[in-house]
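S.K.: Predicted structure and sequence below. I'll ask about it afterward.
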Amino acid sequence: MTSSFSTAWLRGDAAALSFLPDDYRHRDARARAVDAAASRTVSPALLDVLRAQNARLAPSPAREHHLALLAQPGTVVVVTGQQMGLFLGPLYTLYKAASAIVTARALQDETGRPCVPLFWLQTEDHDLPEIDHCVIPRPSGGPCRLALELKDAATSRAPIAHCHLGPSVLPALATLRAELGDEPHAEEILALLERAYRPEATLAGAFTDVLSSLFAEEGLVFIDPRDARLAPLAAPVHRFALQEAAALSTALAGRVEALTAAGYAVQVHVRPGAPLSFYSPEALDGPRYRLDPAGPGTWSLVGHPENATLTGDALHAALEHEPHRFTTSALLRPLLQDTWFPTAAYVGGPGELAYFAQLPPLYAHAKQPMPLAIPRSRFRVLDDRTRRWLHTLALQPDEVQVPREALLTKLATRDAPEPLASPESLEARLFGAFSAELEQLAGQVTSADANLQDAVQRTRATVRVAVSRLTGRYRRALARRDTTASERVDRLRAFLFPHDAPQERVLGLPYFAARIGTRAFTRQVLEACVPFSGDSKDLTP
């Protein structure tokens, strides 16, 4: 039985802290992390590319100021990042960006050192089916899923950086307008999305345009690592990953064994002897493949349709002359981030915190200190419509996050007279009365009457099954009893716990921006973020 590492770590369990210290909770540890990061600088070549990438984004004097700070010795950064979901994907994308901004401010206030929030665009990933859609709630009915129709999306291994939106983004935008057009602030968010999400735009470019607009006042800086100008700067990290593949995989596998032995689910699988880099053997915008050792001085491309192999010499030659063919895995990406930037802290979600627990052997082998791992803020939005539904049903938000049938049964029996008792109490009464009669009968039978004793026990078992079936039907009947309550419960669950998952992991920004206002909602999220907390709270705009 495995458990969630991030849950245990946030709770402060000693076993979890032995894998990843919670230094972010302690002011002196935060100061040490900032001082260690401040000893490193950003290279002029990286700064040039960073300025060029950010110059095409929404105008932002605050961002220009942050870029200027990055050129100065002693400046540190707080990094966060995310895959580029359609229309910004789930709400937690916004929460991560806001958390990084608030954390950077807090570290700067504490230490007096300039601190810049940086968003790492995960353009090297290729998990397109995870990000080609956006889900919004409907006032009635289930969530509405908007998705791109991209050719070979399910099988493509090409980095997301090269994915163009194509014509299917237009019906997605039209559906969004049809669903949200009557909301009070719809035009603001719809106009922003329609400017960015054009058929000729890339998924990454549109995502960055929108997120940079939301946080222009805060000066959030963006970096796209899938830029040909940055490939030579990434080459030393990929060279390290190739040359030290055997030692790193052994150390990381040991870490996996330790986490598993402690009872934690492991976030990232480690392949024996495999480097932490992906390789694109064909076009630079073509599929990327993992590398596996296939014999002395030979590597195989995992999943390649022709089972292609490469010699070590060919791979190192490619790294020398075409470094853009190499991309990072989930475990190597943090090391690249912290090689390029003076990273004081990384703000991540539960999954990232879990794989951060796997990283210490990698950083130790690279002789590089790990930054602080800081949990992002977690929110559940209760807008006016949802609060009305909760009030009507006399429910608290947490009560909605139980199985649907159990919630409907609770509502049906909560204020009912005795004849409408809960299924559990009814089963206890029915079987209890019959069982008492059987006990009395059994007491009148001598132990020598074995056949009758057996019959009593068989009857008891048969009646228990029958009563259980009866009360099960009673439970389902109660759940169906109030159609109006059922509809309200379905609306609440679709809004607060869609697809049986937390709201922030499924629902996207457009609905909330259309209801509350794009900037108003962004500002409320920023104001609600508590630095160095990671607590979950309700937002009630």
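M.R.: Looks like it came in fine.
S.K.: So which residue is smack in the middle of the protein?
M.R.: Taking Cα atoms, centre = their mean, the centroid of the chain lies closest to residue 349, which sits 5.7 Å from it.
S.K.: Thought residue 93 was touching that residue, still the case?
M.R.: No: assessed by Cβ atoms under 8 Å, residue 349 is found out of contact with residue 93, at 9.8 Å. Every residue, glycine included, has its C-beta placed from N, CA and C.
S.K.: next one: phi and psi at the residue nearest to the centre of the chain?
M.R.: With angles defined as degrees, to the nearest 10, residue 349 sits at phi -90, psi -180.
S.K.: same thing with residue 31?
M.R.: Residue torsions, per degrees, to the nearest 10, at residue 31 are phi -60, psi -40.
S.K.: For the stretch 401-541 of the chain, which segments are assigned as strands?
M.R.: In chain order, the stretch 401-541 of the chain shows strands spanning 536-539, with DSSP state E, counting those that start in this stretch as the criterion.
S.K.: Kindly apply the preceding question to the stretch 251-400 of the chain instead.
M.R.: If DSSP E, counting those that start in this stretch is used as the criterion, the strands of the stretch 251-400 of the chain fall at 277-279, 289-295, 298-302, 309-311, 326-328, 343-348, 372-375, 378-381.
S.K.: Identify, out of the ones you listed, the most deeply packed stretch.
M.R.: Highest mean neighbour count among the strands of the stretch 251-400 of the chain (mean count of other Cβ atoms under 10 Å): strand 343-348, with a mean of 28.
S.K.: what helices or strands is it leaning on?
M.R.: For strand 343-348, the packing partners by 3 or more Cβ pairs under 8 Å, 6 or more residues apart in numbering; DSSP states H and E come out as helix 27-38, strand 76-82, helix 92-111, helix 333-340, helix 350-356, strand 372-375.
S.K.: List the strands paired with it, with their directions.
M.R.: strand 76-82 (parallel), strand 372-375 (parallel) (DSSP bridges).
S.K.: Turn the ones you listed into a markdown table, columns for distance to residue 206 and mean pLDDT.
M.R.: What follows is these, written out as a markdown table (distance: least, Cβ to Cβ, whole Å; pLDDT from 0 to 100):
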| stretch | distance to residue 206 | mean pLDDT |
| --- | --- | --- |
| strand 76-82 | 14 | 97 |
| strand 372-375 | 28 | 97 |
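S.K.: can you put these in a markdown table and add distance to residue 122?
M.R.: Supplementary listing: the strands paired with strand 343-348 in a markdown table, determined by distance: least, Cβ to Cβ, whole Å:
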| stretch | distance to residue 122 |
| --- | --- |
| strand 76-82 | 5 |
| strand 372-375 | 17 |
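S.K.: ends of stretch 377-387, how far apart?
M.R.: For stretch 377-387, the separation between the terminal residues is 22 Å (Cα to Cα, to the nearest Å).
S.K.: contact partners of that stretch?
M.R.: Surrounding stretch 377-387, the residues in contact under the criterion Cβ atoms under 8 Å, 6 or more residues apart in numbering are 91-92, 95, 98-99, 102, 139, 390, 397, 492, 495-496, 502-504, 512, 515-516, 525, 528-530, 533-541.
S.K.: Ok, stretch 105-117 next?
M.R.: 27, 30-31, 34-35, 38, 66, 69-70, 72, 74-78, 80, 97, 100-101, 103-104, 218-221, 344-345, 531-532.
S.K.: Can you say which of those residues are buried?
M.R.: Neighbour-count burial within the contacts of stretch 105-117 applies to 30-31, 34, 38, 66, 69-70, 74-78, 80, 97, 100-101, 103-104, 218-221, 344-345, 531-532; the criterion is 16 or more other Cβ atoms under 10 Å.
S.K.: remind me which residues of the stretch 151-300 of the chain are low pLDDT?
M.R.: By pLDDT under 70, the low-scoring segments of the stretch 151-300 of the chain are 152-155.
S.K.: Which secondary structure element of the chain has the lowest mean pLDDT?
M.R.: Taking mean pLDDT, DSSP states H and E as the measure, the chain has helix 423-443 as its least confident helix or strand, at a mean of 67.
S.K.: circling back to that earlier point, and the residue nearest to the centre of the chain, how far is that from residue 355?
M.R.: Between residue 349 and residue 355 the computed distance is 11 Å (Cβ to Cβ, to the nearest Å).
S.K.: Same question for residue 284.
M.R.: 27 Å.
S.K.: Could you do residue 182 as well?
M.R.: Taking Cβ to Cβ as the criterion, residue 182 is separated from residue 355 by 42 Å.
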